[in-house]
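In: Generate a structure from the sequence data that follows.
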Amino acid sequence: MEIYPETVTERFDNANFHITYCLKFIKKYLKGNILEVGAGCGSFTKNYLNKTINSITLTELDEKNILDLKDKFKNNTKIKILSKNIEDIDEKFDSIVYLHVLEHIKDDEQEILNATKKLNKNGFLIIMVPAHQKIYSNLDKAVGHYRRYEIEFFKKNFQSLEKVSIKFLDTIGYFLYSLNKIFFKEEVYPSRFKIFIWDKIFTPLTVIVDFILRYRFGKCILVIYKKLT
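Out: Numbering: from 1, shown residues only. Below is the predicted model of the structure:
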């Protein structure tokens, strides 16, 4: 998907509690040279920058997002911004990141294969996606999601990849999303107020609930693979 609704990008850019929570499980795998595919306006990128990272390559196809990325990181020499698909990139990386991106790609298995080819040996492929097709909503359709994911997809064996971690996140978010779909059937984009309530009030609560449930249920799936060869 080359055009991503600006409304969504701007509203979710401020979901800092959710972003910080998700990155807690990812940061230790982000070292060396990083590729973040579909970086949006840099909502995650700005929160994981640290001294252990040598370089970050951000890819985007949306022109507005590219301009935002260039403006946001114009003073950071570690960051390079490309308007390319992964198969057109020449470099190899220590970690490749898809944060709410794979669902926008029609042939997701081929994309994982392409990403694997761009990983160095012992590098990490990090994927976070929306979970549970049964709660696919107007918002999913509007932002170009081909699907929401069931965990069985990530339990398959992908060539040269070993599963390091697989977990659900945001238990409470699942129920909020489901209720919103039932009671606001015509709504496409959630209001800033709804995002504020979800992020600032319910996300701190879901941190506790997710831990109690041992990350077995939630609105998102986070999976981490290691390249073996």
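In: Report the separation between the spatially closest residue to I112 that is not a sequence neighbour and S165.
Out: The shortest distance from I112 to any non-neighbouring residue, by Cβ to Cβ, 6 or more residues apart in numbering, is to F158 (5.6 Å). No exception for glycine: its C-beta is placed from N, CA and C like everyone else's. Distance, F158 to S165, by Cβ to Cβ, to the nearest Å: 15 Å.
In: residue ranges for the helices of this structure, please.
Out: Counting by DSSP state H, the chain has helices at residues 6-12, 16-24, 45-48, 63-72, 108-117, 138-142, 152-155, 171-183, 192-197, 203-212.
In: Show the contacting residues for V101.
Out: V37, G38 (Cβ atoms under 8 Å, 6 or more residues apart in numbering).
In: how far away is it from T20?
Out: The separation that V101 has from T20, given Cβ to Cβ, amounts to 19 Å.
In: Can you give me the pLDDT of I3?
Out: Note for I3: predicted pLDDT of 48.
In: wait, doesn't L58 sit right on E36?
Out: Yes - when contacts are counted by Cβ atoms under 8 Å, L58 is listed as touching E36 (5.2 Å).
In: Name the residues contacting each of these two.
Out: Here L58 and E36 have T45 as joint contacts, going by Cβ under 8 Å, 6+ apart.
In: and the residue nearest the centre of the chain, how far is that from I79?
Out: For the chain, the residue sitting closest to the mean C-alpha position, by Cα atoms, centre = their mean, is L99 at 1.2 Å. The spacing between L99 and I79, counted by Cβ to Cβ, is 16 Å.
In: buried residues in the top strand by length along the chain?
Out: As assigned by DSSP state E, the longest strand anywhere in the chain is strand 119-130. Residues of strand 119-130 classed as buried by neighbour count (16 or more other Cβ atoms under 10 Å): L119, G123, F124, L125, I126, I127, M128, V129, P130.
In: next one: stretch 57-68
Out: For stretch 57-68, by 16+ other Cβ under 10 Å, it's T57, L58, T59, E60, L61, D62, N65, I66, D68.
In: Out of those, the closest to A142 would be?
Out: Set against A142, the nearest of those by Cβ to Cβ is D62 (14.4 Å).
In: Relative to Q133, how far out is the closest one?
Out: 25 Å.
In: before we move on, what about K117?
Out: Applying Cβ to Cβ, the value for K117 to Q133 is 28 Å.
In: Low-confidence stretches in this protein?
Out: Where the chain drops to pLDDT under 70, the residues are 1-11.
In: try 90
Out: Across the chain, residues meeting the criterion (pLDDT under 90) sit at 1-14, 49-52, 185-190, 192, 229.
In: my guess is D140 meets P130, correct?
Out: Yes - if you go by Cβ under 8 Å, D140 and P130 touch, sitting 7.0 Å apart.
In: Find residues that contact each of those two.
Out: Counting by Cβ under 8 Å, 6+ apart, the shared contacts of D140 and P130 are E103, R148.
In: any residues touching stretch 201-216, and which ones?
Out: Outside of stretch 201-216, the residues within contact range by Cβ under 8 Å, 6+ apart are 15, 17-18, 21, 167-173, 176, 218.
In: Please disregard the earlier target; I meant stretch 83-91.
Out: Residues contacting stretch 83-91 (Cβ under 8 Å, 6+ apart): 33, 35, 37, 57, 59-61, 66, 82, 96, 111, 114-115, 118.
In: Let's see that with 6 Å instead.
Out: Contacts to stretch 83-91, defined as Cβ atoms under 6 Å, 6 or more residues apart in numbering, come from residues V37, T59, I66, N114, A115.
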